[in-house]
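Asker: Predicted model follows, preceded by the sequence.
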Amino acid sequence: MKKFLAAVLAAITLIFAGCAQPNGYKEITQEEAAKIMQEQSGFIILDVRTAQEFNGGHIPNAINVTNESITDKQPEQLPDKNQMILVYCRSGRRSKQAAQKLVDMGYTNILEFGGINTWQGETTPQ
């Protein structure tokens with residue numbers, strides 16, 4: 001019986017360990033991000049492209065903190081390390097980098113959803 005219980009416990013542990021994101025942030029689809037934006041509140045949409053790219057068009061209500069400016073110091077625009085932050089860039093490369101840097105700083109609710117180049121939702125200015 002002890003061996004059986006140990007095997008069940010080991011299996012449960014492996015299942016839950018498989019659910020964790022090894023990088024500390026969660027990658028979601030753009031459809032999931034759009035649903036969150038429509039149905040929830042209290043989150044930040046974070047565009048980590050350059051200011052010039054941001055000014056050329058961005059997701060409504062997004063704030064711009066460039067990936068390059070995210071170092072080991074907490075960005076003042078992101079004061080709550082537990083707040084949900086939806087991160088994107090142009091293609092998904094910089095958003096993954098920024099998401100990891102934020103997690104490394106202690107942010108706990110980072111959702112990365114790729115790049116605006118495939119975004120089907122609204123952008124501003126149009």
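Answerer: Looks like it arrived, so ask away.
Asker: show me what contacts the residue most central in space within the chain?
Answerer: By C-alpha atoms, centre = their mean, the chain has its centre lying nearest to Leu111, at 2.4 Å. With contact set as C-beta atoms under 8 Å, 6 or more residues apart in numbering, Leu111 has these partners: Tyr25, Lys26, Glu27, Ile28, Glu32, Ala33, Ile36, Met84, Ile85, Leu86, Val87. Placement of C-beta: from N, CA and C, glycine included.
Asker: Can you tell me which of these end up in strands?
Answerer: Using DSSP state E, the subset of these located in strands is Lys26, Glu27, Ile85, Leu86, Val87.
Asker: Farthest-apart pair in the residues you listed, please.
Answerer: Distance extremes for the ones in strands among the contacts of Leu111: the farthest pair is Glu27 and Ile85 at 13.4 Å, using C-beta to C-beta.
Asker: More neighbours: these two, which one.
Answerer: Between Glu27 and Ile85, counted using other C-beta atoms under 10 Å, the more crowded position is Ile85 (24 against 17).
Asker: Leaving out chain neighbours, which residue sits closest to the more buried one?
Answerer: Excluding the flanking residues, the one nearest Ile85 by C-beta to C-beta, 6 or more residues apart in numbering is Ile44, at 4.8 Å.
Asker: Just confirm the one you found contacts Pro75, I think it does.
Answerer: No. Using C-beta atoms under 8 Å, Ile44 is not in contact with Pro75, being 10.4 Å away.
Asker: and Gln100, what element?
Answerer: Taking DSSP states H and E as the definition, one finds Gln100 inside helix 93-104.
Asker: picking that back up, ok, and the most crowded of the contacts of Leu111?
Answerer: Going by other C-beta under 10 Å, Val87 tops these with 32 neighbours.
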